[in-house]
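Peer 1: Just to be clear, the model below is a prediction. Sequence and coordinates:
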Amino acid sequence: DTGVSQNPRHKITKRGQNVTFRCDPISEHNRLYWYRQTLGQGPEFLTYFQNEAQLEKSRLLSDRFSAERPKGSFSTLEIQRTEQGDSAMYLCASSLEGRQLAYEQYFGPGTRLTVT
Amino acid sequence: AQTVTQSQPEMSVQEAETVTLSCTYDTSESDYYLFWYKQPPSRQMILVIRQEAYKQQNATENRFSVNFQKAAKSFSLKISDSQLGDAAMYFCAYRSGNFGNEKLTFGTGTRLTIIP
């Protein structure tokens, strides 16, 4: 068990550019979550997957955001036409449904996005 | 919608002393889970302790314990024998017990400083 990993750890981009982040969950976990955390705030839910199916999307996830989890393994979060307000830490978490600890979400280290 | 409130943006405690972090939440659900997560500086979020709403007994994990008051919708975290490694942001989080609604709702966090 190597934990949840996220790449890149830091991303600086210019306004209007597209960015893509990757999350690799714990290998046997079937649920994968994306959260966004701005400075001084707690994480806010963006979306989550059950295997490859995207089951819920927050209203925070505008049309410029898209997430995928092909084959139910890693996930990508893409932001198109970035805006300065997109600057935040993007956190990924995974969990395993069906076991005693199904309700524990394990977090990755996050990707810090800075839009200039 | 559920909300989580942490009214203490910052707390400090002398090493080896005890500190209590406050959290209140609002929900109309009867089945839910509550969590305390720790986020050290520049490191990933880790679970400290969890409480199932149907359990009357307060959860404990070594030096960490909670005071769960369901009627008052209060969920405080007590850290005994504080250590330098306890310095971090602490987030209180809520999760519905309803299947398919496992996203976490976080409070704004409490920054805990340990004074040597």
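Peer 2: Received it, and whenever you're ready, just let me know what you need.
Peer 1: just the strands in chain B please.
Peer 2: In chain B, strands defined by DSSP state E lie at B:3-5, B:10-14, B:19-21, B:24-26, B:32-39, B:46-52, B:60-61, B:64-69, B:74-79, B:88-96, B:104-106, B:110-115, listed in chain order.
Peer 1: centre of the chain versus the fifth one, how much separation?
Peer 2: Per Cα atoms, centre = their mean, to the nearest Å, the displacement of strand B:32-39 from the mean C-alpha position of its chain is 5 Å.
Peer 1: and what of stretch B:26-33?
Peer 2: Relative to its chain's centre, stretch B:26-33 lies at 16 Å (Cα atoms, centre = their mean).
Peer 1: How about stretch B:28-43?
Peer 2: 6 Å.
Peer 1: For it, give me every contacting residue.
Peer 2: A:103, A:107, A:109, B:2, B:21, B:23, B:25, B:45-54, B:64, B:66, B:68, B:75, B:77, B:86-98, B:104, B:106, B:109 (Cβ atoms under 8 Å, 6 or more residues apart in numbering or on different chains). Where C-beta positions appear, they are placed from N, C-alpha and C, glycine not excepted.
Peer 1: give me the number of residues near residue 107?
Peer 2: Since you didn't name a chain, this refers to chain A. Using other Cβ atoms under 10 Å in any protein chain shown, A:F107 is surrounded by 22 other residues.
Peer 1: meant chain B actually
Peer 2: Residues lying near B:G107 (other Cβ under 10 Å) number 26.
Peer 1: likewise A:Q84?
Peer 2: Neighbourhood size, A:Q84 [other Cβ under 10 Å]: 9.
Peer 1: Would you agree it is in contact with A:T38?
Peer 2: No - using Cβ atoms under 8 Å, A:Q84 is not in contact with A:T38, being 11.7 Å away.
Peer 1: ok, what's across the strand from the residue in chain B that chain A sits nearest to?
Peer 2: Residue of chain B nearest chain A, by Cβ to the nearest Cβ: B:F106 (3.1 Å). Assessed by DSSP bridges, B:F106 has beta-bridge partners B:A93.
Peer 1: which parts of chain A sit against chain B?
Peer 2: With Cβ under 8 Å from any Cβ of the partner chain as the criterion, chain A comes near chain B at residues A:4, A:31, A:33, A:35, A:40-45, A:48, A:55-56, A:91, A:93, A:95, A:103-110.
Peer 1: Which ones among those map onto strands?
Peer 2: Using DSSP E, A:31, A:33, A:35, A:44-45, A:48, A:55-56, A:91, A:93, A:95, A:106-107 are the members of those that sit in strands.
Peer 1: What would I type in PyMOL if I wanted to highlight the buried members of those residues and nothing else?
Peer 2: If you want just the buried ones from these in PyMOL, going by 16 or more other Cβ atoms under 10 Å in any protein chain shown, the selection is:
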select buried, chain A and resi 31+33+35+44+45+48+56+91+93+95+106+107
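Peer 1: now the residue nearest the centre of chain B: how far from A:P43?
Peer 2: The centroid of chain B falls nearest to B:W36 when counting by Cα atoms, centre = their mean (3.0 Å). Distance, B:W36 to A:P43, using Cβ to Cβ, to the nearest Å: 14 Å.
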